[in-house]
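Sequence unavailable; structure follows:
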């Protein structure tokens, strides 16, 4: 399969892969998977107030999935937590030239981030 330069670059040198140390403070965690699509993803977000300060992810999946997770992780840092509820999957798919048959993988990435968002919202209510 031919991968776009964006996918190749992020696959070879992911910017936000890894974990946030457990002693880092206010960290939320979201995991999603789909074994039939061969994807497992975990996002960790360090949030201060309403700002996403740091994002890290772990992923088992194809190069397109890794590129999408890395791209989102980079884009979300410094943004309001409300950005988690406004992820544009069509834009993301276009940016990495995602084949249509792989769209379900992006939905699992979105699911993991939605879990993070739900945790932030729940903590705000406490």
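It's in. Remember, it's a predicted structure, so these values are computed and weren't measured experimentally.

can you give me the mean pLDDT across the helix or strand residue 122 falls within?
Using DSSP states H and E, residue 122 sits in helix 103-125. Mean pLDDT, helix 103-125: 92.

For that helix, which helices and strands make contact with it?
strand 27-34, strand 39-48, helix 63-76, helix 89-95 (3 or more C-beta pairs under 8 Å, 6 or more residues apart in numbering; DSSP states H and E). All C-beta atoms are positioned from the backbone trio N, CA, C, and that covers glycine.

and the angle for it with strand 39-48?
Angle of helix 103-125 versus strand 39-48, following axes from the mean of the first three to the mean of the last three C-alpha atoms, to 10 degrees, is 30 degrees.

before we move on, the earlier item: rebuild the helices and strands packed on helix 103-125 as JSON lines, extending it with distance to residue 16, mean pLDDT and mean neighbour count.
JSON lines is the format used below for the helices and strands packed on helix 103-125 (distance: least, C-beta to C-beta, whole Å; pLDDT from 0 to 100; neighbours: other C-beta atoms under 10 Å):
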{"stretch": "strand 27-34", "distance to residue 16": "14", "mean pLDDT": "96", "mean neighbour count": "18"}
{"stretch": "strand 39-48", "distance to residue 16": "9", "mean pLDDT": "97", "mean neighbour count": "21"}
{"stretch": "helix 63-76", "distance to residue 16": "4", "mean pLDDT": "97", "mean neighbour count": "23"}
{"stretch": "helix 89-95", "distance to residue 16": "15", "mean pLDDT": "94", "mean neighbour count": "14"}
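
and of these, who's closest to residue 115?
Minimum separation from residue 115 across the helices and strands packed on helix 103-125 (C-beta to C-beta) falls at strand 27-34, 3.3 Å.
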